[in-house]
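Asks: can you look at this prediction? I've put the sequence above it.
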Amino acid sequence: MTLSHSGLTSQHTAALEPIENYLRAHITGDAAYMRKAFHPDARIVSFRDGALHALSVDAFSARFQGQPAADEAQRKRFITHFDVTGNAGTAKVVLEYPEVTFTDYMTLLEIDGVWKIVNKTFSAAPPKK
């Protein structure tokens with residue numbers, strides 16, 4: 001997936017790169033894209049079944065087995081919010097799948113000249129019908 005970068009500053013384009021890698025991981029099933037998107041110390045956090053769940057990047061990346069999901073053609077993904085100020089930013093990414101809709105809130109940080117996702121908090125809900 002390549003996003004249109006027209007009208008964006010070079011800083012915004014650089015900050016979008018980890019989000020693009022995150023989306024590529026979902027599209028292809030390639031965990032290498034996920035590891036490239038996240039800072040190694042990042043956490044993936046959600047609240048479900050009455051409990052807080054936190055995954056490391058390695059644990060989250062292990063869910064990607066190197067091939068697209070069987071229902072990939074039915075999946076939609078898009079960025080609904082993107083904001084950068086200085087060396088920090090946020091993005092809201094919606095993943096609409098046949099059985100669930102995920103809403104991801106990403107925190108981005110430029111570290112040593114490279115943008116990474118440093119935190120992902122998400123919600124899962126039944127798909128809109």
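Replies: In hand now; what should we look at? Numbers count the residues shown, from 1 in each chain.
Asks: for the lengthiest helix in the chain, buried residues please.
Replies: With secondary structure taken from DSSP state H, the chain has its longest helix at helix 10-28. Residues of helix 10-28 classed as buried by neighbour count (16 or more other C-beta atoms under 10 Å): 14-26, 28. The C-beta positions use only the backbone N, C-alpha and C, and glycine is treated the same way.
Asks: what residues sit buried inside the helix or strand just after it?
Replies: Counting by DSSP states H and E, the next helix or strand C-terminal to helix 10-28 is helix 31-37. Across helix 31-37, burial judged by 16+ other C-beta under 10 Å covers 31, 33-37.
Asks: wait, what's in contact with the residue nearest to the spatial centre of the chain?
Replies: Nearest residue to the geometric centre of the chain (C-alpha atoms, centre = their mean): residue 22, 4.4 Å. Residues in contact with residue 22, defined by C-beta atoms under 8 Å, 6 or more residues apart in numbering, are 33-34, 37-38, 93, 106, 117.
Asks: adding distance to residue 53, write those out as CSV.
Replies: As requested, these are exported to CSV (distance: C-beta to C-beta, whole Å):
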residue, distance to residue 53
33, 22
34, 17
37, 19
38, 16
93, 18
106, 17
117, 17
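Asks: hang on, residue 69 packs against residue 75?
Replies: Yes. Assessed by C-beta atoms under 8 Å, residue 69 is found in contact with residue 75 at 6.8 Å.
Asks: overlap in contacts of those two?
Replies: What both residue 69 and residue 75 touch, as defined by C-beta under 8 Å, 6+ apart, is the set residue 97.
Asks: perfect, that will be all.
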